[in-house]
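Enquirer: coordinates only, sequence not included:
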């Protein structure tokens, strides 16, 4: 297939990139390749009950940049944060015009939830975006298409190829410009819930780091993988704690009833760190104190959780208890690599162009811009669409060579050879066990050492060699094979980044026992990487200024 613009991933950023590009250039041919079904795919699949990135009344974009930079302990691209923050309210209004219900007060003002958030009825936010895309005449959505890799010509991405999840088909799509919107990486570590419930996790379990892996293999520069994200969640249900902390002002307390959150700090990583430390000190379990809220507030919480985490509401109902009668126990999840909460992802310029020509990155897969959440992903979708359209006339479609297609088909066919014995699931479990034990998983309270990382690196490379032994019985299992391969690629880059930052800047997110203190003198900088000749090369970059132009260097 051929197109003008290929959007890989039909989630939050991908949908908005398509909407923006179509509105600005109705004759431009656009393809969205989506692994699932665009109606309920990505991080918004189950809904959301607030927009966590919004410039509320009395605040400015600079206020948001200050918050996000401080929460990241200084490791953030302030230029990217500013260009995002300036457009947060603009995309919110667009969402409302598409049909999103945003709560308003008696004066018609959005109802805020803290200084940076507004309340929404967001159980249908993804279908709203998907329906807007389906109305666009120049946009073709291909559901159940798992993009596996870029097709490149020199340093330029000229398209991508992938497999149908359900049919025995491979797709080869050439494109003049490409936008990667595939999300971050879940499933690298052993999760809270084993076995049948292993996908009951904080982050979308079907976001496997595909976009990261494609970029790594193609030689793109990546940034800040070592700033992992570990969510503090309601125990068992893995429901968000912000709904309680910000919605009703619930404080973090230990089993003695002591408020401990101020003792450790109030950044995202410090809230988790405090909980881990209290448990290690024998003062756990830890809770969010809700037993003093009103019955009306408790009822509002039950309704709010129905928008994004109904399991928490069901837990209250089934136990015949409510938030005002019992404090909510909290715990940390396994670590993730995700650029929507931290700064992990592609190294990009202000137009979100990657170091590969013809490729832009938006949403969780784009690095440098933490705390972007839903609205920030929409903004980056818009930015990439506008930038890609400006470049369109400069390049014709490169034809994907038949020789490349034939070679790829042959390689894929080997996966169905009966001589193979392993399953993707077996390899995945081995990988998760290694990461959990040696690279800072739940088992070690998220901590690691230089020595344990070296062991993790060796063992992940050994597991990577076992990929050739995997047998796939159908196209869905083939998809799972590629997902495991992607995760292994991301694991190796993550380990390299964790090892390169020889300090502990973010407790739990990057808890380095070999270097337990923060080191501003040597590490107030970005840790980047690029795959060169099969080896991960670490690149150190100086911090960006908020104002002025900060472009990457190839």
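Expert: Received the coordinates, thanks. Not measured: the values here are computed from a predicted model. Residues are numbered from 1 along each chain as shown.
Enquirer: How about residue 26, nearest residue that isn't a chain neighbour?
Expert: Excluding the flanking residues, the one nearest residue 26 by CB to CB, 6 or more residues apart in numbering is residue 138, at 5.8 Å. In short, each C-beta sits where N, CA and C put it, glycine included.
Enquirer: Please verify my assumption that the one you found contacts residue 29.
Expert: Yes: proximity of residue 138 to residue 29 meets the contact threshold set by CB atoms under 8 Å, at 6.0 Å.
Enquirer: what helices or strands is whatever helix or strand residue 386 lives in leaning on?
Expert: Assessed by DSSP states H and E, residue 386 sits inside helix 373-391. Judged by 3 or more CB pairs under 8 Å, 6 or more residues apart in numbering; DSSP states H and E, the packing partners of helix 373-391 are strand 2-8, helix 12-24, strand 48-51, helix 78-85, helix 88-98, strand 170-180, strand 359-361.
Enquirer: Check which residues of the helix or strand that that helix is followed by are buried.
Expert: With elements assigned by DSSP H and E, the helix or strand that comes after helix 373-391 is helix 402-413. By neighbour count on 16 or more other CB atoms under 10 Å, the buried set for helix 402-413 is 408, 412.
Enquirer: Ok, stretch 199-206 next?
Expert: 201, 202, 203, 204, 206.
Enquirer: Widest-spaced pair of these?
Expert: 202 and 206 (13.4 Å; CB to CB).
Enquirer: what do these two both touch?
Expert: With CB atoms under 8 Å, 6 or more residues apart in numbering applied, the contact sets of residue 202 and residue 206 do not overlap.
Enquirer: max-length helix in this protein?
Expert: Longest helix in the chain, counting residues (DSSP state H): helix 475-500.
Enquirer: Tell me the buried residues in that helix?
Expert: 475, 477-500.
Enquirer: what packs against the next helix or strand after that helix?
Expert: Moving toward the C-terminus from helix 475-500, the next helix or strand (DSSP H and E) is strand 511-512. For strand 511-512, the elements it packs on are strand 447-448, judged by 3+ CB pairs under 8 Å, 6+ apart.
Enquirer: can you list contacts of the strand it packs on?
Expert: 438, 439, 440, 456, 498, 511, 512, 513.
Enquirer: Most neighbours among these, which one?
Expert: In terms of neighbours by other CB atoms under 10 Å, those top out with residue 440 at 31 neighbours.
Enquirer: Now do the SS call for that residue.
Expert: When classified by DSSP: H, G, I helix; E, B strand; the rest coil, residue 440 comes out as coil.
Enquirer: Leaving out sequence neighbours, find the closest residue to it.
Expert: Excluding the flanking residues, the one nearest residue 440 by CB to CB, 6+ apart is residue 448, at 3.9 Å.
Enquirer: beta partners for the one you found?
Expert: residue 512 (DSSP bridges).
Enquirer: Would you mind giving me the confidence score for it?
Expert: With respect to pLDDT, residue 448 scores 98.
Enquirer: what about it, how many neighbours?
Expert: Counted with other CB under 10 Å, the neighbours of residue 448 add up to 24.
Enquirer: got a list of contacts for the one helix or strand residue 314 maps to?
Expert: In the assignment (DSSP H and E), residue 314 maps to helix 310-318. Helix 310-318 is contacted from outside by 200, 234, 236, 237, 238, 239, 302, 303, 305, 306, 322, 323, using CB under 8 Å, 6+ apart.
Enquirer: which intervals of the stretch 101-250 of the chain have sub-threshold pLDDT?
Expert: Within the stretch 101-250 of the chain, not a single segment meets pLDDT under 70.
Enquirer: what ranges do the strands span in it?
Expert: Secondary structure of the stretch 101-250 of the chain by DSSP state E, counting those that start in this stretch: the strands cover 101-102, 118-122, 139-142, 145-153, 156-164, 170-180, 222-223, 232-234.
Enquirer: okay, those strands, which one's buried deepest?
Expert: Using mean count of other CB atoms under 10 Å, the stretch among the strands of the stretch 101-250 of the chain with the largest mean neighbour count is strand 222-223, at a mean of 28.
Enquirer: Any chance you could list what contacts that strand?
Expert: Contacts of strand 222-223 (CB under 8 Å, 6+ apart): 212, 215-216, 343-347, 367-368, 493, 526-530, 541.
Enquirer: how distant is it from the center of its chain?
Expert: 14 Å (CA atoms, centre = their mean, to the nearest Å).
Enquirer: now do stretch 245-261
Expert: Counting by CA atoms, centre = their mean, stretch 245-261 comes out at 27 Å from the chain centroid.
Enquirer: now do stretch 56-71
Expert: 21 Å.
Enquirer: What are the contacting residues of that stretch?
Expert: If you take CB under 8 Å, 6+ apart as the criterion, stretch 56-71 is touched by 53, 55, 76, 78, 81-82, 85-86, 88, 109-110, 112, 115-118, 267-268, 369-371, 546.
Enquirer: go on, stretch 192-203?
Expert: 43, 184, 186-187, 191, 205, 229, 231, 233, 238, 311, 331, 333-334, 336, 338, 442.
Enquirer: hmm, try it at 10 Å
Expert: 43, 183-187, 189-191, 205-206, 229-233, 235-240, 309, 311, 331-338, 340-341, 364, 425, 428-429, 432, 442 (CB atoms under 10 Å, 6 or more residues apart in numbering).
Enquirer: Sort out which of the residues you listed are buried, if you could.
Expert: 43, 183-187, 189-191, 206, 229-233, 235, 237-240, 309, 331-338, 340-341, 364, 428, 432, 442.
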